[in-house]
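1. Here is my input; please provide its structure:
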Amino acid sequence: MPALSSRAQGYICAVAAPLCWSVGGVVMRTVETGPWEIVFWRALAHSVCMPLLLVFALRVPLIRDLRNAGGFYTLSALMVSTTLILHVIAMTSTTVANALLLQSVSPLIVALLARFVLGEAVSAASWIAIAVAFSGLGLVVGASLAEGALAGKLAAIAVAVASAINVTIIRKTRASLDLRSAQIPAALFATLVAFLLCDPFQTSARDAWLLMGLGFVQMTLGINLFYSALRRLSPVEVTLITLLEPILGPVWTWLAVGEVPATGTMVGGGVLLAALAFNTLVTARARAAT
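-> You can find the predicted model right below:
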């Protein structure tokens with residue numbers, strides 16, 4: 001049997017990453033424990049599994065990276081720990097569809113940060129896409145106002161902002177730093193914060209194992225699959241494929257626990273995802289033309 005080409009491996013990794021990410025809603029709806037307990041067990045598993053995978057499977061020089069840690073490294077770790085915590089708050093405080101759709105606006109925030117932090121130009125088409133996407137974002141928020149849980153929606157938007165800041169840091173330092181190892185102090189910090197705010201050992205053994213499995217699959221495995229895809233495919237291709245997460249996540253939750261998104265959420269989400277895809281394709285054409 002012939003070996004898979006690099007691009008074929010990239011597509012497999014690019015599809016597998018959002019598949020790993022998309023199962024979070026089902027697990028969080030299945031366990032019978034609080035959000036801080038979810039943060040604790042999920043982050044604990046990630047803090048254990050990530051260094052093992054980096055050192056023994058991927059041969060990443062972890063000690064060297066930790067020694068070279070500086071301001072950008074610390075800021076990246078802080079942003080990752082923020083997403084580790086607030087993603088769970090969002091997912092447990094509002095519907096899975098609301099949380100994932102609100103978080104999916106992150107690539108457009110990256111475009112804005114690239115303009116004002118990295119000095120990259122933003123095309124007129126991208127500005128239009130950003131405006132359309134934020135109108136879709138408004139529809140998602142407006143459709144769910146009757147449900148309450150404003151904190152959950154704000155947490156989801158904060159996740160999008162923190163993720164965008166982290167991506168911007170990665171882009172700025174990619175020539176000098178491998179920031180995958182920043183996941184480790186980030187996960188340890190999230191574990192500590194959660195431990196101080198709850199009693200995680202009241203969680204049943206079944207739920208603890210499920211959440212640790214989620215930490216490995218969704219975080220450790222999903223993040224490394226994403227990085228592997230980026231090494232083999234263009235960022236444009238990977239970005240488009242990872243839009244599967246806000247589509248699949250609500251589908252799995254609907255099939256597993258019967259959580260049906262509001263009609264306005266689905267309409268607004270469709271507008272938002274279409275704008276994201278449009279912006280990604282326009283950006284790719286602009287770069288190909290230069």
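2. Just the element for Thr168, please.
-> Assigned by DSSP states H and E, Thr168 belongs to helix 150-173.
3. Which elements pack onto that helix?
-> Identification of packing neighbours for helix 150-173 by 3 or more CB pairs under 8 Å, 6 or more residues apart in numbering; DSSP states H and E yields helix 71-93, helix 96-103, helix 106-116. Heads up, the C-betas are built off the backbone N, CA and C, glycines and all.
4. 10 Å instead?
-> Applying 3 or more CB pairs under 10 Å, 6 or more residues apart in numbering; DSSP states H and E, one finds that helix 150-173 contacts helix 71-93, helix 96-103, helix 106-116, helix 124-143.
5. Pipe the ones you listed into TSV and attach mean neighbour count and mean pLDDT per row.
-> As requested, the helices and strands packed on helix 150-173 are exported to TSV (neighbours: other CB atoms under 10 Å; pLDDT from 0 to 100):
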stretch	mean neighbour count	mean pLDDT
helix 71-93	22	93
helix 96-103	28	85
helix 106-116	19	79
helix 124-143	18	72
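6. which one of these lies closest to Tyr11?
-> helix 106-116 (19.3 Å; CB to CB).
7. Now do Val31 against Pro261, distance only.
-> Distance, Val31 to Pro261, by CB to CB, to the nearest Å: 21 Å.
8. The two: which is more packed in?
-> Pro261 (23 against 19; other CB atoms under 10 Å).
9. Contacts only, for Val251.
-> Contact analysis of Val251 by CB atoms under 10 Å, 6 or more residues apart in numbering lists Ser22, Gly25, Val26, Val96, Ala97, Leu244, Pro261.
10. can you put the helices and strands packed on helix 150-173 in a markdown table and add distance to Leu211?
-> Shown next, in a markdown table, are those (distance: least, CB to CB, whole Å):
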| stretch | distance to Leu211 |
| --- | --- |
| helix 71-93 | 10 |
| helix 96-103 | 16 |
| helix 106-116 | 24 |
| helix 124-143 | 27 |
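11. closest one to Ala8 among the ones you listed?
-> Among the helices and strands packed on helix 150-173, the nearest to Ala8 by CB to CB is helix 106-116 (24.6 Å).
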